[in-house]
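J.: Sequence and computational prediction follow.
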Amino acid sequence: MARIGVFICHCGENISATVDVGKVAEAAARIPGVAHSVDYKYMCSDPGQQMVQNAIREKNLTGVVVAACSPRMHEPTFRRACAAAGLNPFLCEMANIREHCSWVHEKGDATTEKAIDIVRTLVAKVKKNKALQPIKVPVTKVAMVIGGGIAGIQASLDIANAGHRVILVEREPSIGGHMSQLSETFPTLDCSQCILTPRMVEVAQHANITLHTYSELESLEGFIGNFKARIRKKARSLDEKLCTGCGLCAQKCPTRRIASEFDAGLGLRPAIYVPFPQAVPNKPVIDREHCTYYLKGKCRLCEKVCPTQAIRFDQEDEIVEVDVGAVVLATGFDIKHSDFFPEYGYGKHKDVIDGLQFERLASASGPTLGEMRRPSDGKVPETVVFVACAGSRDPAKGIEYCSKICCMYTAKHAMLYKHKVHHGKPYVFYMDIRAGGKMYEEFVRRAMEEDGVQYVRGRVSRIFERNGKLVVKGADTLLGARPMEIEADMVVLATAGVAQAGAEELAQKLHVSYDAHKFYAEAHPKLRPVETNTAGIFLAGACQAPKDIPESVAQASGAAAKVAALFSQAELVREPLIAVVDRQAPPLYSSCVGCFLCQSACPYQAIEKEEIRGRDGQLLKTVAKVNPGLCQGCGTCVAFCRTKSIDIQGFSHEQVHAEVLALLNRGDRDA
Amino acid sequence: MNALREKARELLAAKTVQVVIGYGRGSGGSARAVFMRAPAQAAELIFDATCLQNLAVYLMKPEVRKLGKAALVATPAALRTILQLAAENQVADNSLLALAPVGEDIMPLATFAAIEAHVAAADHDLSAAEGAELGKFAAMGLEERRRFWEEQFSRCLKCYACRAACPLCYCTRCTVECNQPQWIPVPAHDLGNLEWNVMRAMHLAGRCVNCGDCSRACPVGIPLYLLNQKLISDVSSVFQARSGMAARSDNAMSTFKPNDPEDFIR
Amino acid sequence: MPDFEPKIVAFVCNWCTYAGADLTGTSRMKYSPQVSIIRFPCTGRIDFMLLLKAFASGADGIIVSGCHPNDCHYSSGNFHARRRWIIFRGLLDFLGIDVRRVQFSWYGRWGRSRATSACAAWA
Amino acid sequence: MKTGFYPGCSMKGSAREYSESLLAVAAALGRDLPEVPDWNCCGATAAHNLDPDLALALPARILAAAEKEGMDEVLVPCAACYSRLSVTRHELLADEALRRRISGLVEADFRGSARVLNIIEWLAAIPGLEGMVKAPFARRVACYYGCLLVRPAGVVNFDRPEEPQSMDLLMKKIGAEPLDWAFKTECCGAGFSVSRTDLVAKLSGLILEDAVARGAEAVIVACPMCHLNLDMRRPNIERRAGKKYHIPVIYITQALGLAMGLPAKKLGLQRHKVAVKFPAANSAAKDI
């Protein structure tokens, strides 16, 4: 027979002002199964909790109902109090007679009646509660970071420095990401390589970090703490141990006219190449689509000149299997290129370039070794027009969001241009300047006032070539939308930041949700920005949305902290409010008939197939089984299952059924 | 009919199947299910307008499964049932042989792919007459409908013959038998009958293949097919989903589309 | 029947609507005491059998409310629920039960206007 | 597939040659174009400045008449009428209450079953146009779409709004060499032709200047308003620019007619202000 304790709180007078708490206590005492019913001014206070604990011990209660505020407020408090008194915390329920009763109704019998209804409902529920133990899941203390840009590097270093092993997977031949392509960075004009390469070297030399470059994630199974990842190490056609990085092969390689991805198509590279001088690892890769040997079976010059015979033409892709406990997604972003804009000539005009291409022109390791020369004829451009919001904030083009970093790098570009071409005339067409970071506004102000960049508030409607000049048609909305035409030598489009190519496929491999623009979805935009809805998978950097370097680094450290917290305990402890498929004695073994229609109802792929075999190993039945690590306790499968074979702890069939009947004032047994 | 008998005798003689489930002549001119084990018995097989029962129901009975691989004389409804059972992981491919009567001769369908192709060829939507009958209900007033069904359900004995006849009611422990909590009241009073019939219809939503056996089995003649046809027409018109068309298909009720209509939600 | 007091049961999800109801409390908005709330982890957990059981046990009106599509804490519970509600409502109407007695909604905040209008709609 | 023809006021007035050339080409292609019975003015820019309901009612009445006549689509050669009819059809199909109210106003039930086609869509849908070419229109041409034919993109969605190609492709089919120029969709001054002719002189002048600078021998248009500004306002353009422009402006239907070997008289070429003459070098169409 149940022995339930009911504790009614006055909450000072928040409850007692409109609810006759004495009457509720009396009514509760009369409910069958209630062994103790008392009211007190402040249940959540220490003396209040003492009352609950004493009652549990003295009357060895089998369940507790605290009629007070919302469970979202003090459920943990009272559950901890019950646990301290030896009662399983999941045998304690809150009856919300404040937010849902005393505060929202006038003083009167109806309000007190409702309070009694609520108490009776929760007493009925608590009689059906079961003692539950928290779920313990082992944790593999190895983290996998996907993406070797600044976010991935920072996350890897932080996790490694917290004493855990890290596997960093980077798709390109070298880590560094877009930051390695930049010339200088706002707002301090630090040289990008100077502040990045030490971190890259630190990653390569860190004992805890295993670096897989020119590699991609093949698949990921498992759940938080127990992922199994398969990484495809694409064949570099090189034995990395023998290669000393001398670079002789790249110098001698005859196939030299391949557009360099690192130089955003402006510079050229050979078929066997190291993307940039400070690459980590500084080991070349053979581009099999352009290498003459792979196309026509001839040449093999690199093999001949290589002092350590490190070239391996027959090398195959290799699959590496690793167990990891957490994954940090830091795959970064990409930008739209000039061929996306019809009004700017669909990429026809050579001197209409995008932001990354300008960075390469300005960079000392760029195709023009840092000299400001335009791609078409190598002349120094006298007049350069920078177009902000090229594609961003433009619903007609399907990119309605602001890409956040273009105002800042456009100001930086204009400033760099002026520093290199003192007599040059830079114009910036903008809609609104968004310089919200620390020292950002001052930086843009400096570009305007000290470097004489001509800021024109208005959109560029069309760019076309006319006798050697790029005619930029726009309007100056601060001067009465006066149409203006600028004959420019070069135009730099600050194009929209978009998701990386392949972001969607990677998200599908990890079951991580993403938005319409293929940016990964954070668990909560404000309160859980570095987590995803998939337990154990975290986010850092621009793969979640376009953002600048300081924010990416901050998010990377945030994600690393989450991973370190996850790895800080031997086992992962989770609330046991999850679904369970019933099991029974043979021959039934389970009421589940194995239709598995529940699998498509589960958003977390938490329902697996379990084969029940007889002692002779013969397959008797295939039934559903819930993976406690993955199930988040939504209960969608529970309401779907026809035979009610799957039930959720904390909101079980019996509990909610009892609540409905009790609320409508009918006894349990009245069938 | 003799093509059928010939085929059955040949299958049993060659032991390709252990039992042929077909129709035999029952009492009073009706047809009843027969289970042929020996080649000679094949002569009893018949197939004419009286053979309506959906024999696929026997595929789920343990007693029949024990007999080994079965060949089944399959009406279109039975073929749809086999595909729906396949979609619910209850029957495996190549574990049965469907004999689909086409005019005078018999089309053997050994794999789900063959059954799917055969099923796809014909039209399986609700017939015009069935649609019209549903329309008649829609035209009725709310009160008129309530009285109609109240009267129908008042005659329900809770004998659960409809559950026994339905090939898709194969759950080993049906929720009706669950008493902790007592979902469906045991006595055959009005509220209990309503809850049972609503639950039966809802549990067949997106699954029922409209074979009509539930209504034929009901001793008190409640037009149960109307409930299922109503849900079939809703599921197909609102979700464009049709059960029993493919061996591997998502269940309409356990999947969703982001743009499902929600005009009734405030 | 002016003094007839309808008994309304509200099946709500723990995240948007329950928190919304709490918020309605903290802002001291008033609504009829005839409405009582039962908490579920998600609208996906609300079983049509419970709505049936509530009607059979004497509830006069039912409110079922959860998070707005795309806001679901479990990402798709409300989408599944919506699909079931469409079919369940169709069946109830077919059986002659007045579907206005069951109000489905996505409640960000449980405003007084919503609760009372729900009762009014019932009456 | 029954195709109706909505001429609109300009085709019976200042742009008669557009209608003549269209009907000549249609006859040669064996396509009959029955006019929409009892058609009325489409309201052009005047209507939606005055009253939004009027701006919807006029086109709705036209389309309702076409639907009653069983027309599946209506060819609307004038870009302004095309824009008004397609915007109206778009808005009324999107808002059921509005559709009922406007149908009530014009006492005709607008259903929206008839699609609205512009001249290029209609021509592009005719198979084997190349086969009909007897004398290829071997000229360097600047295809001028004007601002209404391809916009607003959401409603019209017929070609790329910023950098359209459809007229260029059609001209290529009949042997012409369409130039890549920058004023394809720039405004010619449109309705300001009467009130602010100076503006038209400037805007249309810029268009002609760019076309001539790139070596175009003719400007091809598909809208009576553009033709009027580029052709009839030529004296104003020349006076403002201080130089002569001899480049002729012809409708796409006229160019097609010439390529099909139809006589210039039937194409109404004699009605143009700027003589349709081409330099002697390539002589497909002699001095007319």
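T.: Perfect, I can see it now. Numbering: from 1, shown residues only, chains lettered A, B, ... in the order given.

J.: Give the buried residues for stretch A:313-325.
T.: Neighbour-count burial for stretch A:313-325, counted by 16 or more other Cβ atoms under 10 Å in any protein chain shown, picks out A:313, A:322, A:324-325. Every C-beta, even on glycine, is put in place using the N, C-alpha and C of the backbone.

J.: tell me the mean pLDDT for that stretch?
T.: For stretch A:313-325, mean pLDDT is 95.

J.: Return the distance of that stretch from the chain's centre.
T.: 25 Å (Cα atoms, centre = their mean, to the nearest Å).

J.: How about the contacts made by D:Lys68?
T.: Taking Cβ atoms under 8 Å, 6 or more residues apart in numbering or on different chains, we find D:Lys68 in contact with D:37, D:108.

J.: Which other helices and strands does whatever helix or strand D:Ile220 lives in contact?
T.: Assigned by DSSP states H and E, D:Ile220 falls within strand D:218-221. Applying 3 or more Cβ pairs under 8 Å, 6 or more residues apart in numbering or on different chains; DSSP states H and E, we find strand D:218-221 packed against strand D:140-143, helix D:197-213, strand D:249-251, helix D:252-259.

J.: 6 Å instead?
T.: Here strand D:218-221 touches strand D:140-143, going by 3 or more Cβ pairs under 6 Å, 6 or more residues apart in numbering or on different chains; DSSP states H and E.

J.: What strands line up against the strand it packs on, and which way round?
T.: strand D:177-178 (parallel), strand D:218-221 (parallel) (DSSP bridges).

J.: Turn the ones you listed into a markdown table, columns for distance to A:Val491 and mean pLDDT.
T.: Shown next, in a markdown table, are those (distance: least, Cβ to Cβ, whole Å; pLDDT from 0 to 100):
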| stretch | distance to A:Val491 | mean pLDDT |
| --- | --- | --- |
| strand D:177-178 | 25 | 94 |
| strand D:218-221 | 28 | 94 |
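
J.: re the thing from before, put the alpha carbons of the strand holding D:Ile220 into PDB.
T.: Taking Å, rounded to 0.1, in the frame of the first residue of the first chain, the C-alpha atoms of strand D:218-221 are listed here in PDB:
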ATOM      1  CA  ALA D 218      20.000  47.700 -85.200                       C
ATOM      2  CA  VAL D 219      18.300  47.700 -81.800                       C
ATOM      3  CA  ILE D 220      15.700  45.000 -81.400                       C
ATOM      4  CA  VAL D 221      12.800  45.700 -79.000                       C
END
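
J.: Give the buried residues for the helix or strand that it is followed by.
T.: Going down the chain from strand D:218-221, the next helix or strand is helix D:224-227, by DSSP H and E. Buried residues in helix D:224-227, counted by 16+ other Cβ under 10 Å: D:224-227.

J.: One more: stretch A:583-603?
T.: A:589-603.

J.: ranges for the helices of chain B?
T.: B:2-13, B:62-66, B:76-87, B:112-121, B:128-139, B:142-154, B:161-165, B:190-203, B:213-217, B:224-239 (DSSP state H).

J.: Residues contacting the longest one, please?
T.: Contacts to helix B:224-239, defined as Cβ atoms under 6 Å, 6 or more residues apart in numbering or on different chains, come from residues B:126, B:130, B:134, B:162, B:201, B:204-206, B:208, B:210, B:212, B:214-215, B:218, B:241-242, B:252, C:86-87, C:90, C:94.

J.: Could you do the second one as well?
T.: Outside helix B:62-66, the residues within contact range by Cβ under 6 Å, 6+ apart are B:Tyr58.

J.: could you dump that helix to PDB, C-alpha only?
T.: Extracted in PDB, the C-alpha atoms of helix B:62-66 (Å, rounded to 0.1, in the frame of the first residue of the first chain):
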ATOM      1  CA  PRO B  62       1.700 -19.400 -35.600                       C
ATOM      2  CA  GLU B  63      -0.100 -22.700 -36.400                       C
ATOM      3  CA  VAL B  64       0.100 -22.000 -40.100                       C
ATOM      4  CA  ARG B  65       3.700 -20.700 -40.000                       C
ATOM      5  CA  LYS B  66       4.700 -23.900 -38.300                       C
END
